[in-house]
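Participant: Sequence first, predicted coordinates after that:
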Amino acid sequence: MPFVLLWMIWIFMLIGGVDLGCSIIRLIILASPFVMSNWVLSSVQLIVNHMWPSWLLPLLQGNWSSIGQPPTVVEQSVDNGDPGLAENLISVEDYLDQYPAMMVHPTYHFQIPTREGLNLWQGFLNIVLNAYEGNESYAGTFTEEHLMMSGSECRIEMEPTYPATFENLLLDLAQLATLLIVYFGTPNLLPPRCIQEVYSAMTTPRLGAVPAPSAQQLEIFLKFMRNLPGLKPVRKNNTFLSKVFQARRGMGTIPKATVDAAIAQVVVATNWMYTIHGLGYVILTRTVNYRKYNPHNTVPVYGQGAEEFFRFLRNVFEHGGDLDDNGREMVWDMEDLDYIVAEFFSDKMAELVWHLVMGVDMTGRLSHAWDDYQ
C-alpha cells in the first residue's frame, strides 16, 4: 500500500509538469506497477527513497510514530582491545613480536627475560595449576595452536577434560615448558639461565609420580611451582635471600637447626669459590676474595658448603656495587648485580626455595620473607 501511494503522487507530479529527472527514471516509475520483476520494483523503491526528503518518507510509508524522534543508531562491534573479545585472540608468536620475551643485557651481553616474557610464562603456568586444583587436566594434549593471548591475558583454547591426577599434571607441565622454551632462545643464544631452570623444574620436577606423593607433598609442590624463582623479578630473589638469613639469625636453637638442615641440602661443589674465579666477572671475583685489611688478596675467603655459598651471594648484593680500590665505579646500575646472580646462580636459588618450602613450609619467622616473595 505505501508503494502504491508513492506511485500515485509521482503520476500527479508528472501531470503537473514537475521535472522528475531523466526519461529512464520516469519510464521505470510509470511502468513499475505493471511489471512483476522483483529487481524493477526494488530499483524504483531505491530511487524513491533517495529522492524524497528523509523526513517525508515515514509519512508516505505509514510510520507516523517516528515523527519527531531522533534517528536510530545501529551499534556495531568494534575491536576496542577488550581481552574478553574472542576476535582479539592472537598467537603467542604474534604477541611476542610486539612484546619480546627477551633482551640482551646492555653491559654483560647475556640474555635476560623481559617483564612480558616472565608474565607470559607465569600466566600459562597458572592456567595449568588452576585446572589441576579445580580437578581438571589437559593431560599434555594441548599444542602450540591452543596457546593464545587476549591482550596480556593468557588462554589455552581447549577444555581440560582429563582427570586431575598427578601424572596428568606432570604431563601438562612438561608440555607447556616444551612449547614455551622455544620463544626464549635464538640460534645464537641460549635461553637465560633462569628460564633454563624453570624449564628444568617443569620437565624434570623435584617431586616424582612414583612413589605416589602424599597430600602434604602435593601441597608443597604446588606452592613451589607457583613461586618458581626463575619467574620472579630478579630483585625479589635478592630480597628473599636477605630476609631468610636475617630471620635465621634471630631464631632459637631448634627452629634454626631446621632451617640450617634445609639450607644444607642445597648441593654446591667443594671448589665453588674457584669456579667463580673462572667466570671472569670482576665483581664476583673481588667479592669472593675480599679481605677488609688486605684489598689485594687473591685467595677465596669463604669455606665449603651451602651456607658459605649463600653468604657469598648476600655479599655480592651488599658490596658488589662498591667502588674499587682506585675509587672507580664497578657497576652502572645496581640492578646489574641482580642479573649477574640470576644468570649464574639460578639453579642454587631454586634449590634453596625448594628445600625451604619442603623443610620448613616458610612459616614462623620465615613467613614475612615468603609473603613478600609471593
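Facilitator: That came through fine.
Participant: so where's the chain uncertain?
Facilitator: For the chain, applying pLDDT under 70 flags the ranges 1-87, 292-293, 325-326, 332.
Participant: which residues of it fall in strands?
Facilitator: 90-91, 102-104, 111-113, 147-150, 153-156 (DSSP state E).
Participant: Of all these, which one is nearest residue 296?
Facilitator: Of all the strands of the chain, it is strand 111-113 that lies closest to residue 296, at 32.7 Å by C-beta to C-beta. C-beta coordinates here come from the backbone N, C-alpha and C atoms, glycine included.
Participant: Leaving out sequence neighbours, find the closest residue to residue 171.
Facilitator: residue 140 (3.2 Å; C-beta to C-beta, 6 or more residues apart in numbering).
Participant: How many neighbouring residues does the one you found have?
Facilitator: Number of residues near residue 140 (other C-beta atoms under 10 Å) recorded here: 19.
Participant: Give me the most central residue, the chain.
Facilitator: residue 120 (2.0 Å; C-alpha atoms, centre = their mean).
Participant: Verify the stated contact: that residue with residue 101.
Facilitator: Yes. At 6.6 Å, residue 120 and residue 101 qualify as touching, with contact defined as C-beta atoms under 8 Å.
Participant: thought residue 348 was touching residue 263?
Facilitator: No. Look at residue 348 against residue 263 with C-beta under 8 Å: they stay out of range, at 10.7 Å.
Participant: tell me, what's touching those two both at once?
Facilitator: 306, 310 (C-beta atoms under 8 Å, 6 or more residues apart in numbering).
Participant: which parts of the longest helix along the chain are buried?
Facilitator: In the chain, with assignment by DSSP state H, the single longest helix is helix 335-360. By 16 or more other C-beta atoms under 10 Å, the buried positions in helix 335-360 come out as 336-360.
Participant: go on, stretch 125-145?
Facilitator: 125, 127, 128, 129, 131, 132, 136, 137, 138, 139, 140, 142.
Participant: Leaving out sequence neighbours, find the closest residue to residue 209.
Facilitator: That would be residue 167: by C-beta to C-beta, 6+ apart, it lies 5.0 Å from residue 209.
Participant: Could you report the neighbour count for the one you found?
Facilitator: If we define neighbours as other C-beta under 10 Å, then residue 167 has 13 of them.
Participant: before we move on, what about residue 97?
Facilitator: For residue 97, using other C-beta under 10 Å, the count is 10.
Participant: what does residue 328 give?
Facilitator: Using other C-beta under 10 Å: residue 328 sits among 7 other residues.
Participant: Please report how far it lies from residue 105.
Facilitator: 20 Å (C-beta to C-beta, to the nearest Å).
Participant: swap in residue 249?
Facilitator: Residue 249 is 33 Å from residue 105, by C-beta to C-beta.
Participant: When the two are compared, which one has more neighbours?
Facilitator: Using other C-beta under 10 Å as the criterion, residue 249 and residue 105 rank with residue 105 on top: 15 against 8.
Participant: Who's the closest spatial neighbour of that one, skipping the chain neighbours?
Facilitator: residue 112 (5.2 Å).
Participant: Over to residue 240?
Facilitator: residue 373 is the one closest to residue 240 (C-beta to C-beta, 6+ apart), at 4.6 Å.
Participant: about what we covered before: let me see the contact set for the residue nearest to the centre of the chain.
Facilitator: 92, 95, 96, 101, 149, 154, 180.
Participant: okay if I get those residues as JSON lines plus distance to residue 230 and neighbour count?
Facilitator: Putting those into JSON lines (distance: C-beta to C-beta, whole Å; neighbours: other C-beta atoms under 10 Å) gives the following:
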{"residue": "92", "distance to residue 230": "18", "neighbour count": "21"}
{"residue": "95", "distance to residue 230": "20", "neighbour count": "22"}
{"residue": "96", "distance to residue 230": "18", "neighbour count": "19"}
{"residue": "101", "distance to residue 230": "13", "neighbour count": "24"}
{"residue": "149", "distance to residue 230": "21", "neighbour count": "23"}
{"residue": "154", "distance to residue 230": "17", "neighbour count": "20"}
{"residue": "180", "distance to residue 230": "12", "neighbour count": "23"}
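Participant: Please compute how far stretch 210-224 lies from its chain's middle.
Facilitator: With C-alpha atoms, centre = their mean, to the nearest Å as the basis, stretch 210-224 stands 26 Å off its chain's centre.
Participant: Good, we can wrap up now.
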